[in-house]
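>>> Need the 3D shape of this:
(2 chains)
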Amino acid sequence: MNLILAILFFIVPAEEKIKINDPWVRPSSEGMATALYFTIENSGEEADTLYKVDSEISKMVQIHETYKSGDMMGMREVEMIVIEPNSSFELKPGSHHIMVMKLIRDIPIGDKVEFLLHFKQAGEINITAEARK
Amino acid sequence: MKRIFKLNLIKTFLQLFFVALFFLLISCQEKLPLNKDLTKRSYAFLNQDSAAVNFPEIILGKTTVIGFIYTHCPDICPMTTHNMALTEERLHNQGIDNVLFVALSFDPERDSPEVLRKFAEIRGINFNNWIFLTGDETTTKDLLKRFDVRAIPTDSTFFEDGTNSYSIMHTDRISLINNKGILKKNYKGSTINIEELITDIKYIGE
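Okay, the predicted model is just below:
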């Protein structure tokens, strides 16, 4: 039994250990920027790292964090997001987000936009995010 | 004896009255802690239709909620705008439609009237109760100072086509102004408690 479980553990694709929940983007216009949000759930026994995001809707997509300095707010690029084993990481308004710049078309409310997330362990994961306010 | 008793009673009553008045004044001040007159100078701006408008002329006679934004901001400014839109929606549901919502851009270089109009339209904002403002750099900076709002360009991202886009580090702010052009209260734009703002709007009389 233990042997079967061990074999199953190794043949379960790594991708399934990483789940992306509730992806959404803010509506925005052609030429402008928007933010992509979602929650990454890591049910695996080892940490994984989101290091890159692509989309056909933009040639420049970066991982960003919003930060506070006194009463001012700013944002900056971060190289990666590490998701610890058996934990989740939420990209949310006012915090970490995916910065999508210089959009090639409008994203109206209700529109759907595809993104490709790159993880060090799980590889590539496609997601579709809905535009909402 | 009776007279002394009466005098003491009056004295105690007056003491209690002034203590109550003191606490009432303190609580009013805490509720709306600012009292800055914004009518002493006027500022020329363009609205989302490229029409020339004057601040504070456009806000006089109406309770005004003003937010400070730039349209290339992907995170904080959309939150601020969304919070203003939610406030408008909740006020409308309570039968209050005479509050003015103003969004002032602190990025006049990129935020033309057309850009501001598109920014609003794609978010479903109608212009019945909203005005988006942009102006020249000096005017914008002058008015921002009146509100103690700071906006400092920071990191730039360079694109393959040779263009670049900068971010702006800025004060996270929504302000409430009464119908006489007096700034009454500041809030954090992105994380504002909408119910608190609505209570304050009702308190100063819509």
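
>>> Let me know the helix or strand that residue B:168 is in.
Using DSSP states H and E, residue B:168 sits within strand B:164-171.

>>> and that strand, what does it pack onto?
Strand B:164-171 sits against strand A:72-77, strand B:151-158, with contacts defined as 3 or more CB pairs under 8 Å, 6 or more residues apart in numbering or on different chains; DSSP states H and E. Bear in mind the C-beta positions are built from the backbone N, C-alpha and C, glycine included.

>>> Below-threshold pLDDT in chain B: ranges please.
Scanning chain B for pLDDT under 70 picks out the ranges B:1-2, B:5, B:17-30, B:206.

>>> Strands along that one, start to end?
In chain B, the strands defined using DSSP state E lie at B:36-37, B:43-46, B:52-55, B:64-69, B:100-105, B:130-133, B:151-158, B:164-171, B:174-177, B:182-187.

>>> Quick check: which of those strands has the most neighbours on average?
strand B:64-69 (a mean of 26; mean count of other CB atoms under 10 Å in any protein chain shown).

>>> tell me the angle that strand makes with strand B:182-187.
Relative orientation of strand B:64-69 and strand B:182-187, computed by axes from the mean of the first three to the mean of the last three CA atoms, to 10 degrees: 50 degrees.

>>> how far out from the middle of the chain is stretch B:112-121?
Stretch B:112-121 sits 19 Å away from the centroid of its parent chain (CA atoms, centre = their mean, to the nearest Å).

>>> Can you point out the buried residues in that stretch?
B:112, B:113, B:115, B:116, B:117, B:118, B:119, B:120, B:121 (16 or more other CB atoms under 10 Å in any protein chain shown).

>>> Could you list the domains of chain B?
Taking automatic domain parsing as the reference, chain B has its domains at B:1-31, B:35-203.

>>> between those domains, which one is nearest to residue A:28?
Judged by CB to CB, the one of the domains of chain B that comes nearest to residue A:28 is domain B:35-203, at 6.5 Å.

>>> Tabulate the helices and strands packed on strand B:164-171 (a markdown table), appending distance to residue A:83.
What follows is these, written out as a markdown table (distance: least, CB to CB, whole Å):
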| stretch | distance to residue A:83 |
| --- | --- |
| strand A:72-77 | 18 |
| strand B:151-158 | 25 |
